[in-house]
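Enquirer: show me the folded form of this:
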Amino acid sequence: MVALWLALAASIAVVANYMSRDQIAAHPNQVTSVVFLVISATLLSSVYVRIARGHLALAGIPIGASALLLNPLNATLVGLSIALPMGPRGRWPIVANAAMSSMYACMGAVLASHLSSS
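Expert: Okay, here's the model as predicted:
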């Protein structure tokens, strides 16, 4: 059942990137911005802040920034990059976090680009 949800999240990101291919081609991003957000997402996903009832992951900061600043394809790449430092956690956490965060970033970028163009 979990694999079905992950496949659905990944397919949503793929379909959203395909449907927004004209917007991606019309508004390319600077390589330095994409690389900076990928590096920051990779570094911040390896840091957890301990709070009273668990841990707070800081990876949402660059994912939110990428959704607002980048086109959907590059935002998806930033979302995928949070899985890089998760090697010791096992296969399912890597796949689940990569699929869900890339879908969040992609859908946020699609929504942001639609709102900024209208």
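Enquirer: might you report the residue contacts of residue 80?
Expert: If a contact means C-beta atoms under 8 Å, 6 or more residues apart in numbering, then residue 80 has 98, 101, 102 as its contacts. (Glycine included, C-beta is placed from N, CA and C.)
Enquirer: any of the residues you listed buried? List them.
Expert: Neighbour-count burial (16 or more other C-beta atoms under 10 Å) applied to those gives 98, 101, 102.
Enquirer: hmm, back to that, and the contacts of residue 80 as JSON lines, adding distance to residue 26, secondary structure and pLDDT?
Expert: Below are the contacts of residue 80 laid out as JSON lines (distance: C-beta to C-beta, whole Å; DSSP: H, G, I helix; E, B strand; the rest coil; pLDDT from 0 to 100):
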{"residue": "98", "distance to residue 26": "27", "secondary structure": "helix", "pLDDT": "89"}
{"residue": "101", "distance to residue 26": "25", "secondary structure": "helix", "pLDDT": "92"}
{"residue": "102", "distance to residue 26": "22", "secondary structure": "helix", "pLDDT": "93"}
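Enquirer: now distance to residue 17 too, for the buried ones among the contacts of residue 80, in a markdown table please.
Expert: As requested, these are exported to a markdown table (distance: C-beta to C-beta, whole Å):
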| residue | distance to residue 17 |
| --- | --- |
| 98 | 15 |
| 101 | 15 |
| 102 | 10 |
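Enquirer: and the residue nearest the centre of the protein?
Expert: Centroid check for the chain by C-alpha atoms, centre = their mean gives residue 79 as the closest residue, at 1.9 Å.
Enquirer: hang on, that residue is in a strand, isn't it?
Expert: No: assessed with DSSP: H, G, I helix; E, B strand; the rest coil, residue 79 is helix; it does not lie in a strand.
Enquirer: residues near residue 57, how many?
Expert: Other residues within reach of residue 57, judged by other C-beta atoms under 10 Å, total 16.
Enquirer: swap in residue 104?
Expert: Tallying neighbours of residue 104 according to other C-beta under 10 Å, which is how burial is gauged here, yields 20.
Enquirer: ok, it touching residue 62?
Expert: No: counting by C-beta atoms under 8 Å, residue 104 stays clear of residue 62, with 11.8 Å between them.
Enquirer: hang on, the earlier thing: pick the one among the contacts of residue 80 closest to residue 31.
Expert: Set against residue 31, the nearest of the contacts of residue 80 by C-beta to C-beta is residue 102 (19.1 Å).
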